[in-house]
Structure formats: structure tokens, C-alpha cells
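Undergrad: When you get a sec, could you give me coordinates for this:
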Amino acid sequence: MQPTFVLVHGAFANSFSFAPLQAELGLLGHRSVAVDLPGHGFAATFTRAYQAPQDLAGLATAPGAIKGVTLADNAAHLIGILERAKRNGPVVLVSHSRGGVTATAAANARPDLIDRIVYVSAWCPVALDVGDYYAEPEMATVDVASLALAIAGNPAELGLLRTNFRTGNPDALAAFKAAFLADGTDDEFLTFLNTFQPDENLDVGTSNDRAQAATWGRIPRTYIRLADDTSLPLALQDRLIREGDELTPDNPYDVRTLPGSHLKWLTDPAPAARVLGGLAALLN
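TA: So this is what the prediction gives:
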């Protein structure tokens, strides 16, 4: 039976960013579903303060629909989609960036719904919680301070993380481009930035949400390394692979590598589509 690729986005993103990849997959004869996690896509909040001319004071205080959304909510939503997809045949769960945290939580809970799990430069915490990895040597090259230049409001007061992606601050824009799409054109970068939504939830899980050997660990898995990623550096990707393999040495990652930055595989999706298509063939 034809597998279904279920695609899970990262922080501040949504299903829209997968449209070019889905087109490539479709032209290769593959079925795919792009997920909008709770509070994302058409459920996102775009306040009038975010529009031009921007009201920065209003942007810092306006409520957002994603407040209170938890990792458990994300995992439950994804599991519901996986259940529906599984009725039609095998399922390949593909996650990117922070979406890997949700994919891992769903795999911990319902490994029976996933025939292969694929991480594309995505978080799969094993030894530490996500936040703790930022203090590790593998993340030393990530300039967190520069990425915070466009933060709007106090996350503790808002109950969410809000970023002004429509900022005109040249330093903030340069930091975003360097972190996410340094190998793209300025037009590609600004176009992608305008698909982002300003709000993200705060919950990235606890030690209970790390990969579990008894459930997650029995699913065949692939890690697609992005060789030029600076927001989730190659050293950190390799550490996550190593820790996963140490957790379940009898079921190691199948590791692939693509050139490019954190977002390049989505703006130039043909190579990734070919890799995913090859993984679908492994299910037969």
C-alpha cells in the first residue's frame, strides 16, 4: 500500500512551508499531509498591532491564541492525524526542527501508528531536555542573543513566545538570515520570513518526553542531517544521532546528509523529496 508522509513543522512555522516539498513529493507519486499543530496555520494569532504601521506597545501585550498550548496538546493532535493516516496504509512521520519534539512525544505514546520516523535537522532529546542542550558545547556557535533582538513582550506575562518577524531592525534580519537561510537569496529569505507566525508556545517538554527505548526505540528511524545548518548545528545533530543509537543500539538511525541551511531543503525541496521517496521504498 502507498505510504503517507505526515509532515510536522518547527517553531513559528506551519503547514504552508511544506507546500513546495509536497508538490515535489506529489510529482514523484507520493501522498503527503502537512500538519498544523494547535495554534498554528489558520488558528494562529496575527494581531492588528502586527500590521503596518506596527504598534509595538500593542504587540507586546496583545493576547495570543497559542497561550496555554502544551506539548501534550501537540502530541495528541498529531496522534489524531496519524490514526487517520494509518487507515490508508503505512505512515512515514517527518519532522523538522522543534517539530521533532512533538514527533518524539507521539512516537513514545503510539509507536504502532508509525512505520518510519524521520528527523530533518530536528530535535530528538535523549540525554537532556531541549533547553539544557543550549548550554552544551555543540550549541556554542548559536548566537541566541542576536535571535532575541526581535522578541516582543515578556514571555512570562504573555504566556507565549512572540517574535516580530516583520521588524525593520537590520541586525535582527541579518541574524535571522544567518541562522535560517544564509545560502538563500534575500528575496527567498524575506518570503520565507513572511510565512512565519509571530507566536509560539513555551512548552518543549520535560525528561518524561525524551525518546523512550521501549516505544520510540522500536520504530525504524532516519536522521537527515543538514550540513550547513547554523541554528541546529551539525555537531548537535550528530550528538542527537549518537545518543539515540546508544539508547537502542539494535535499532540505529539510518543517516542521510543534504547540503544547505536550516530552511534550504524547503525552498529547494527536490533533493529532500528524492531522499524521502527512497525511504518510502524501504517499507515494501
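
Undergrad: Now do the buried residues in the longest helix seen in the chain.
TA: In the chain, assigned by DSSP state H, the helix with the most residues is helix 71-86. Judged by neighbour count (16 or more other CB atoms under 10 Å), helix 71-86 contains these buried residues: 71, 73-75, 77-79, 81-82, 85-86. Where you see a C-beta, it was placed from the backbone N, CA and C, and this is true even at glycine.

Undergrad: residue contacts, the nearest residue to residue 36 once chain neighbours are set aside?
TA: Using CB to CB, 6 or more residues apart in numbering and skipping the chain neighbours, the partner closest in space to residue 36 is residue 15 (4.7 Å). Applying CB atoms under 8 Å, 6 or more residues apart in numbering, one finds that residue 15 lies in contact with 7, 9, 34-36, 40-41.

Undergrad: of those residues, closest to residue 192?
TA: The shortest gap between residue 192 and any of these belongs to residue 9, at 12.2 Å (CB to CB).

Undergrad: Test my guess that that closest one contacts residue 21.
TA: No: Residue 9 lies out of contact with residue 21 (CB atoms under 8 Å); the separation is 11.0 Å.

Undergrad: how close does the residue sitting furthest away from the middle of the chain get to residue 172?
TA: No residue in the chain sits farther from the centre than residue 53, which is 30.3 Å out by CA atoms, centre = their mean. Distance of residue 53 to residue 172, computed by CB to CB, to the nearest Å: 18 Å.

Undergrad: Now do the same contact list for residue 1.
TA: For residue 1, the contact set (CB under 8 Å, 6+ apart) comprises 88-90.

Undergrad: Tell me which stretches of the stretch 51-200 of the chain form helices.
TA: Taking DSSP state H, counting those that start in this stretch, the helices of the stretch 51-200 of the chain run over residues 56-59, 71-86, 99-109, 130-133, 144-147, 155-158, 170-180, 186-193.

Undergrad: picking that back up, distance to residue 229 and pLDDT added to the buried residues of helix 71-86, as TSV?
TA: TSV is the format used below for the buried residues of helix 71-86 (distance: CB to CB, whole Å; pLDDT from 0 to 100):
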residue	distance to residue 229	pLDDT
71	23	98
73	27	98
74	22	98
75	25	98
77	26	98
78	23	98
79	28	98
81	26	98
82	26	98
85	28	98
86	31	98
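
Undergrad: nearest to residue 210, of those?
TA: Distance to residue 210 across these (CB to CB) is lowest for residue 71, with 11.5 Å.

Undergrad: from memory that closest one sits against residue 209, does it?
TA: Yes: shown here, residue 71 and residue 209 form a contact pair, counting by CB under 8 Å, at 6.0 Å.

Undergrad: Now list whatever residues contact both of these two.
TA: Common neighbours of residue 71 and residue 209 (CB under 8 Å, 6+ apart) are 101, 105.

Undergrad: OK, contacts around residue 8?
TA: If you count contacts by CB under 8 Å, 6+ apart, residue 8 has them with 35, 37, 78, 93-96, 99-100, 102-103.

Undergrad: Can you classify residue 256 by secondary structure?
TA: Following DSSP: H, G, I helix; E, B strand; the rest coil, residue 256 is assigned to strand.

Undergrad: Can you give me the pLDDT of residue 284?
TA: Model confidence at residue 284, expressed as pLDDT, equals 66.

Undergrad: ah, wrong one, I meant residue 181
TA: pLDDT for residue 181: 98.

Undergrad: show me the contacts for it.
TA: Applying CB under 8 Å, 6+ apart to residue 181 gives the contacts 188-189, 192, 261-264, 267.

Undergrad: Residue 224 belongs to a helix?
TA: No: according to three-state DSSP, residue 224 belongs to no helix; its state is strand.

Undergrad: and it, what is it in contact with?
TA: Counting by CB under 8 Å, 6+ apart, residue 224 touches 118-121, 256-258, 265, 272, 275.
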